[in-house]
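Novice: coords please:
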Amino acid sequence: MSEYDYIIVGAGSAGCVLANRLSADPGRKVLLLEAGGKDSSIWIHVPVGFAKMLNKPSLNWCFETEPEAGTENRKIPIPRGKVLGGSSSINGMLYVRGQARDYDTWAQMGNRGWSYRDILPYFKQSESFERGGDDLRGGDGPMNVADMRERHILMDAIIEAAGQAGHPRNPDYNGERQDGFGYYQVTQRDGRRHSAARAFLQPARSRPNLHIETDALAGGLLFEDGRVAGVDYTVGGQPRQARAGAEVILAAGAVQSPQLLELSGIGQPELLRQHGIEVRHELPGVGENLRDHYTTRMNWRVRNAVTLNEQTRGWRMGLEILKYGVARRGVLTFSAGIVHGFVRTRPELETPDVQYHCAHASYATAADRKLDREPGMTFAVCQLRPESRGSIHVRGPQPGAEPAIRPNFLSEEMDRAALIGGMQIAREVVGQTALDPYRVYEMNPGEDCRSDDDLLDFARRTGQTVYHPIGTCRMGSDAMAVVDDQLRVHGVPGLRVVDASIMPTLVSGNTHAPTVMIAEKGAAMIRQAAAG
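Specialist: Purely as a prediction, here's the structure:
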């Protein structure tokens, strides 16, 4: 059995940060386990390649939800990265921190040290914002945050139209205020994806005290005298074990961290026994409190503009490949969303409750992922703080098997009302005069879809997740919490969870940046505990 001080399970957004920060102490030996392989695929590093990885089993776990009545009994894809960098190697690269109130809410729930004032230094510590650092932004951190390299006349027109509809232009939604429209900021450097593996792991790889195992599937935790003492895993099907003298840290994400806890006998006793798993510690909150961002895509046929639909085909695509190869410019630098919008669907709200991902592109149908052949544009409408909660639990005792994912989307009236309101505001924006030269007609949901019931029906039939699952190892001090505010698993010495699964509530935006922040703060707490 190999001996280490720390064993980190999962080399995703959180795991790469932890590996970097914990191995910075040359006196500490660190093992990083990743079930996927190396991040060598060209599709990872060329930004537009994110679309190629949504269904690629070699880089993606390709999970799906259980069919649920609230979303027309469809199986909805839940992509999760299976590669160094985890989901930061396959995501849309959007850098969104959320609202200060998100973190103040965590603190008000009893989680000491998690208010916005407390966590802001960790956001700043992690990032190098290309415009430079200030009181709110970091200027010299490992992870590069850039402005979008390209603009487009249709996206400029959307920002202008939003202003006509009463929504301000906002050049930095990660600054003092989130409200408004503008271009997204992205985790890219010189036109290439800057994943957590590139930002945090690559600079630390040569350290002699950091050992990285890829294709290493964790099967369970090892216990000794009531304490977690190591990890049982396989590499290429061959069983291995490693011992942790200090701590084991789960950073496998909101889908697989609770799965590994349950495989190790930590969770709901009845469920574990049902699957033939020995109960080691009762912790009923494991796998509960799942939340995710649900989105529905509205799109329009446009004119007088060449969109991504045409630019990614034939001779135009050849020109774009040449442009990218020579100058790292052009459409290959675009991310999943190009223009952002953060709006309030009700006047009494103090902060935005809906987010838009806008792009000069459209899918051929609302359900598929193939770009249309004719020019189009899309508003993806997402409610920011869903109240609907679901669960993730094992189906059996086999490591690596797909768990049962039940998000329970749109089960709460607040979520349904916000999504409908966001769709109506999108129509108001698109109806402004700034878009008159470009707008032809609404393709989805279409002009015949007018009532609230019709809009909700469209959202139920066609909506997808934005790939932001959180909360399944919730932080807190109540009976359903899994970790405390130091991210230590309740009642299980020697074990922490440090990833998006610890979020008590969903943040108001994309989850990569907050997950990196959680890992920065988690690493600091671990090092502080080691120092005594």
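Novice: point out where this structure drops to low pLDDT.
Specialist: For the chain, residues meeting the criterion pLDDT under 70 lie at 364-368.
Novice: for it, what's the longest strand?
Specialist: Looking across the chain with DSSP state E, the single longest strand is strand 238-250.
Novice: parallel or antiparallel, list what pairs with that one.
Specialist: strand 2-9 (parallel), strand 227-235 (antiparallel), strand 495-497 (parallel) (DSSP bridges).
Novice: of all those strands, which one is nearest A100?
Specialist: strand 495-497 (24.3 Å; C-beta to C-beta). The way it works is simple: take the backbone N, C-alpha and C, and place the C-beta from them, glycine included.
Novice: what packs against the lengthiest helix in the chain?
Specialist: Longest helix in the chain, counting residues (DSSP state H): helix 512-531. Counting contacts by 3 or more C-beta pairs under 8 Å, 6 or more residues apart in numbering; DSSP states H and E, helix 512-531 packs against helix 13-23, helix 116-126, strand 238-250.
Novice: got the angle between the second one and helix 13-23?
Specialist: So the one you mean is helix 116-126. Orientation of helix 116-126 against helix 13-23 (axes from the mean of the first three to the mean of the last three C-alpha atoms, to 10 degrees) gives an angle of 80 degrees.
Novice: list the buried residues in helix 116-126.
Specialist: When burial is assessed from 16 or more other C-beta atoms under 10 Å, helix 116-126 yields the following buried residues: Y116, D118, I119, L120, Y122, F123, K124, Q125, S126.
Novice: other residues contacting the helix or strand following it?
Specialist: The first helix or strand that comes after helix 116-126 along the chain, using DSSP states H and E, is strand 127-129. Strand 127-129 has contacts (C-beta atoms under 8 Å, 6 or more residues apart in numbering) with Y95, R137, G138, G139, D140, G141, P142, M143, N144, V145, Q185, A513.
Novice: what's the offset of strand 127-129 from the middle of its chain?
Specialist: 18 Å (C-alpha atoms, centre = their mean, to the nearest Å).
Novice: offset the numbering so it begins at 16, please.
Specialist: Yes, from this point I'll number from 16; that puts the last item at strand 142-144.
Novice: what segments of the stretch 366-515 of the chain are helices?
Specialist: Under the criterion DSSP state H, counting those that start in this stretch, helices of the stretch 366-515 of the chain are mapped to 428-445, 467-477.
Novice: just those: most buried one?
Specialist: helix 428-445 (a mean of 20; mean count of other C-beta atoms under 10 Å).
Novice: that one - contacts with which helices or strands?
Specialist: Contacts defined by 3+ C-beta pairs under 8 Å, 6+ apart place helix 428-445 against helix 168-179, strand 309-317, strand 354-358, strand 369-374, strand 391-398, strand 454-459, helix 467-477.
Novice: show the contacting residues for T366.
Specialist: Contacts of T366 (C-beta under 8 Å, 6+ apart): Q114, R116, Q193, D194, R359, S523.
Novice: again, but for V481
Specialist: Going by C-beta under 8 Å, 6+ apart, V481 touches D307, H308, Y309, T310, H372, A395, C397, N525.
Novice: from T366, how far off is it?
Specialist: Noted for V481: a distance of 18 Å to T366, by C-beta to C-beta, to the nearest Å.
Novice: I'd assumed G52 was in contact with T229.
Specialist: Yes - if you go by C-beta atoms under 8 Å, T229 and G52 touch, sitting 5.2 Å apart.
Novice: between these two, which contacts overlap?
Specialist: L99.
Novice: need the helices and strands packed on helix 428-445 in TSV with distance to D240, can you?
Specialist: Compiled in TSV, the helices and strands packed on helix 428-445 are given as follows (distance: least, C-beta to C-beta, whole Å):
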stretch	distance to D240
helix 168-179	59
strand 309-317	44
strand 354-358	50
strand 369-374	48
strand 391-398	47
strand 454-459	59
helix 467-477	51
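Novice: select, out of those, the one closest to L287.
Specialist: strand 309-317 (29.5 Å).
Novice: could you check stretch 113-131 and say which residues are buried?
Specialist: For stretch 113-131, by 16+ other C-beta under 10 Å, it's 113-122, 124, 126, 129-131.
Novice: before we move on, what about stretch 73-88?
Specialist: Neighbour-count burial for stretch 73-88 [16+ other C-beta under 10 Å]: L74, N75, W76, F78, T80, E83, G85, T86.
Novice: now distance to A211 and mean neighbour count too, for the strands paired with strand 253-265, in a markdown table please.
Specialist: Putting the strands paired with strand 253-265 into a markdown table (distance: least, C-beta to C-beta, whole Å; neighbours: other C-beta atoms under 10 Å) gives the following:
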| stretch | distance to A211 | mean neighbour count |
| --- | --- | --- |
| strand 17-24 | 12 | 23 |
| strand 242-250 | 21 | 20 |
| strand 510-512 | 17 | 28 |
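Novice: would TSV of those with distance to D499 be doable?
Specialist: Putting those into TSV (distance: least, C-beta to C-beta, whole Å) gives the following:
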stretch	distance to D499
strand 17-24	19
strand 242-250	15
strand 510-512	9
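Novice: distance of the closest residue to Q398 other than its chain neighbours from G107?
Specialist: Distances taken as C-beta to C-beta, 6 or more residues apart in numbering place A433 nearest to Q398, at 4.1 Å, with adjacent residues excluded. A433 sits at a distance of 22 Å from G107 (criterion: C-beta to C-beta).
Novice: do the same with E365
Specialist: Taken as C-beta to C-beta, the span from E365 to G107 is 28 Å.
Novice: more neighbours: which of those two?
Specialist: Between E365 and G107, G107 has the larger neighbour count (other C-beta atoms under 10 Å), namely 19 against 8.
Novice: how about the nearest residue to the more buried one once chain neighbours are set aside, what does it touch?
Specialist: Leaving aside its chain neighbours, G107 sits nearest to A351 (2.5 Å; criterion: C-beta to C-beta, 6+ apart). A351 makes contact with F65, N106, G107, M108, L109, H372, A374, according to C-beta under 8 Å, 6+ apart.
Novice: name the nearest of these relative to Q217.
Specialist: M108 (16.7 Å).
Novice: the closest one is in contact with R204, isn't it?
Specialist: No - counting by C-beta under 8 Å, M108 stays clear of R204, with 10.7 Å between them.
Novice: out of the two, which sits in the busier spot?
Specialist: A count of neighbours by other C-beta under 10 Å puts M108 above the other of M108 and R204, at 26 against 17.
Novice: look up how far E165 lies from the more buried one.
Specialist: Distance from M108 to E165, by C-beta to C-beta: 14 Å.
Novice: how deep is the nearest residue to E443 once chain neighbours are set aside tucked in, by neighbour count?
Specialist: Excluding its sequence neighbours, the residue lying closest to E443 (C-beta to C-beta, 6+ apart) is A180, at 5.1 Å. Neighbours of A180 under the rule other C-beta under 10 Å: 18.
Novice: likewise for S143?
Specialist: For S143, using other C-beta under 10 Å, the count is 20.
Novice: how about the one 4 residues further on?
Specialist: As a burial measure, G147 scores 10 neighbours (other C-beta under 10 Å).
Novice: do the same with the one 3 residues further on
Specialist: Here the number of neighbours of D150 (other C-beta under 10 Å) works out to 8.
Novice: before we move on, what SS does it have?
Specialist: Following DSSP: H, G, I helix; E, B strand; the rest coil, D150 is assigned to coil.
Novice: kindly provide the distance from it to P136.
Specialist: 11 Å.
Novice: find residues that contact each of those two.
Specialist: By C-beta under 8 Å, 6+ apart, no residue touches both D150 and P136.
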